[in-house]
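Engineer: Here is a sequence together with a model predicted from it:
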Amino acid sequence: MATDYLERGALAGVAGGLVYGLFVATVGNAFTAGLETFEHSHGGGGPVVSELTTTVASVGGGVLWGLLFGVAVFGMAYFFLEPAIPGSGATKRLALAGAGFLTVSGAPWLVLPPQPPGVEQALGTETRMAWYAGLMALGALVAVLAGLAYRRAEGRHTAVRLGATALPLVLLAVPVALAPANPVHGDVPAALVAAYRWTVVFGQLLLWTTIAGVHAWLGDSEARATDDLDYPTTAD
Amino acid sequence: MQDDTDTARATDSVYDRIERARASLTGPQIAIAVALVAALGFTLLFVQDPMLHDSLHNFRHSAGITCH
């Protein structure tokens, strides 16, 4: 039963990961390499692996990134949270995908936006990791509160209900206001930084929606149980 | 808030799912699944070892991971 969910989550994750791997192969690798031309040479010499290794490993990393989300979010979290997530069918999956995006990327990026290579940040790596982790926790909390608000506003006018659901997002302003300043310096033009950031955002959205779509397409357990009637029912 | 057990069963809740997982999965199974996910996440996000770090350089920039 639970392994059924895990299997579907992993399948959806691999599908999303393959699409995202293609995105890294076609856009990510070339864009990053292009941005590197603005990079000052680091004191410690160049990268320790060849460019080909980075290219191939990064595409593989993209596939694993999708697998990770598929297993953790659509395999595990979905099993437990299915009764609580608003909507049904594809809407339900998209709601979970939205929550996942907010947790993993959306909320942390408000304080620590994606930085192109060659941009030095004032905050140390350790500090940034701690902030990133904290913001992920806040993103998850906001997503849960939004789900609860949606439930509480049941029966109200649609506009009121959507407003109530969006209200917890206000919480995200708190860390933005409190975060330490993180001045960056680098020679990448501002417009190019903006293009890079939005490319990253749309890349992650592509990954999440692909996983959600494939997961919806794979169907529910109930539907699968009736489909699989020609198998002997010896599962339990 | 006390839910009527019959209603809870019929409507299915998060609590039911936890119970179901407890009944159908063993401790080691859960431990292995959680460990695998943690290992994958850690490798992609936080490992600073130069070999692996540089290999995933383009991926990290493509995914907007700023942990380096």
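Structural biologist: Good, I have the coordinates.

Engineer: make it CA atoms for all contacts and neighbour counts henceforth
Structural biologist: OK.

Engineer: burial count for A:G34?
Structural biologist: Neighbours of A:G34 under the rule other Cα atoms under 10 Å in any protein chain shown: 12.

Engineer: so it is in which element?
Structural biologist: Under the criterion of DSSP states H and E, A:G34 resides in helix A:29-35.

Engineer: Would you mind giving both backbone torsions of A:V49?
Structural biologist: Backbone torsions of A:V49, given as degrees, to the nearest 10, read phi -120, psi 160.

Engineer: wouldn't it be in contact with B:D54 here?
Structural biologist: Yes - A:V49 lies in contact with B:D54 (Cα atoms under 8 Å); the separation is 6.5 Å.

Engineer: Please identify which of the two sits among more neighbours.
Structural biologist: Neighbour tally, A:V49 and B:D54, criterion other Cα under 10 Å: the higher count belongs to B:D54, 22 against 14.

Engineer: Is the closest residue to the more buried one other than its chain neighbours in a helix, a strand, or coil?
Structural biologist: Counting by Cα to Cα, 6 or more residues apart in numbering or on different chains, A:P47 is the residue found nearest to B:D54 once chain neighbours are left out, at 6.0 Å. Assigned state for A:P47: coil (three-state reduction, DSSP: H, G, I helix; E, B strand; the rest coil).

Engineer: what about A:P47, how many neighbours?
Structural biologist: If you count neighbours by other Cα under 10 Å, A:P47 ends up with 15.

Engineer: Kindly list the main-chain dihedrals of it?
Structural biologist: Per-residue torsions, A:P47: phi -60, psi 150 (degrees, to the nearest 10).

Engineer: do A:Q121 as well
Structural biologist: Main-chain dihedrals, A:Q121, degrees, to the nearest 10: phi -100, psi 140.

Engineer: How about B:S13?
Structural biologist: Main-chain torsions, B:S13, degrees, to the nearest 10: phi -130, psi 170.

Engineer: which residues touch it?
Structural biologist: Taking Cα atoms under 8 Å, 6 or more residues apart in numbering or on different chains as the contact definition, B:S13 lies against A:P83, A:A84.

Engineer: Now do the same contact list for the most centrally placed residue in chain A.
Structural biologist: Taking Cα atoms, centre = their mean, the centroid of chain A lies closest to A:F101, which sits 3.7 Å from it. Residues touching A:F101, when contacts are defined by Cα under 8 Å, 6+ apart, comprise A:Q204, A:L205, A:W208.

Engineer: Please work out how many residues are found near the closest residue to B:A21 other than its chain neighbours.
Structural biologist: Taking Cα to Cα, 6+ apart as the measure, B:A21 lies nearest to A:A2, with 6.4 Å between them; neighbours along the chain are not counted. Using other Cα under 10 Å, the number of residues around A:A2 comes to 17.

Engineer: likewise A:P117?
Structural biologist: Around A:P117 there are 23 other residues, counting by other Cα under 10 Å.

Engineer: A:A140 now?
Structural biologist: Other residues near A:A140 come to 18 when the count uses other Cα under 10 Å.

Engineer: Confirm for me that it is in contact with A:A99.
Structural biologist: Yes - counting by Cα under 8 Å, A:A99 is a contact partner of A:A140 at 6.9 Å.

Engineer: On the three-state scheme, A:G75 is what?
Structural biologist: Three-state secondary structure (criterion: three-state DSSP) places A:G75 in helix.
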